[in-house]
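1. quick one: sequence and predicted model below, then my questions.
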Amino acid sequence: MTADVRPVSWWHIVVDLERHGYTHALIAAAVDVGRSTVQGWKNLDATPRHDDGERLIALWLDVTKRTRDDLPRRATDILSAAALR
């Protein structure tokens, strides 16, 4: 099995959490970032720093009861050499 090399869709993660009743303020508190940072991940296509992203993923995993393999990924038209192996 090959790993999905497409980047995580942070927008989808925030929207999934919102669908489970989380506000931007609740997400921010759980991940230990500012509310405006969460808004940037959703509305500005911003990418979290590694540690923040891992905490956001951990929250998403806990709330949705899904696995890391289920992480929403961004669609991309760019081919990667790693994906061609």
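-> The structure has been received and is ready for your questions. Quick caveat: nothing in here was measured; it's all calculated off a predicted structure.

2. where is the longest helix in this structure?
-> helix 50-64 (DSSP state H).

3. list the buried residues in that helix.
-> Buried residues in helix 50-64, defined by neighbour count with 16 or more other Cβ atoms under 10 Å: 52, 53, 55, 56, 57, 59, 60, 63. Bear in mind the C-beta positions are built from the backbone N, C-alpha and C, glycine included.

4. next: stretch 40-51.
-> For stretch 40-51, by 16+ other Cβ under 10 Å, it's 40, 41, 42, 48.

5. just stretch 62-75 next, same as before
-> Within stretch 62-75, the residues that count as buried by 16+ other Cβ under 10 Å are 63, 71.

6. before we move on, back to that, just the CA trace of the longest helix of the chain, in PDB.
-> Taking Å, rounded to 0.1, in the frame of the first residue of the first chain, the C-alpha atoms of helix 50-64 are listed here in PDB:
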ATOM      1  CA  HIS A  50       3.800  21.100  12.000                       C
ATOM      2  CA  ASP A  51       3.000  20.800  15.700                       C
ATOM      3  CA  ASP A  52      -0.300  22.800  15.300                       C
ATOM      4  CA  GLY A  53      -1.300  20.600  12.400                       C
ATOM      5  CA  GLU A  54      -0.600  17.400  14.400                       C
ATOM      6  CA  ARG A  55      -2.700  18.700  17.300                       C
ATOM      7  CA  LEU A  56      -5.500  19.600  14.800                       C
ATOM      8  CA  ILE A  57      -5.300  16.200  13.200                       C
ATOM      9  CA  ALA A  58      -5.400  14.500  16.700                       C
ATOM     10  CA  LEU A  59      -8.500  16.500  17.500                       C
ATOM     11  CA  TRP A  60     -10.200  15.600  14.200                       C
ATOM     12  CA  LEU A  61      -9.300  11.900  14.800                       C
ATOM     13  CA  ASP A  62     -10.800  12.000  18.300                       C
ATOM     14  CA  VAL A  63     -13.900  13.900  17.300                       C
ATOM     15  CA  THR A  64     -14.700  12.100  14.100                       C
END
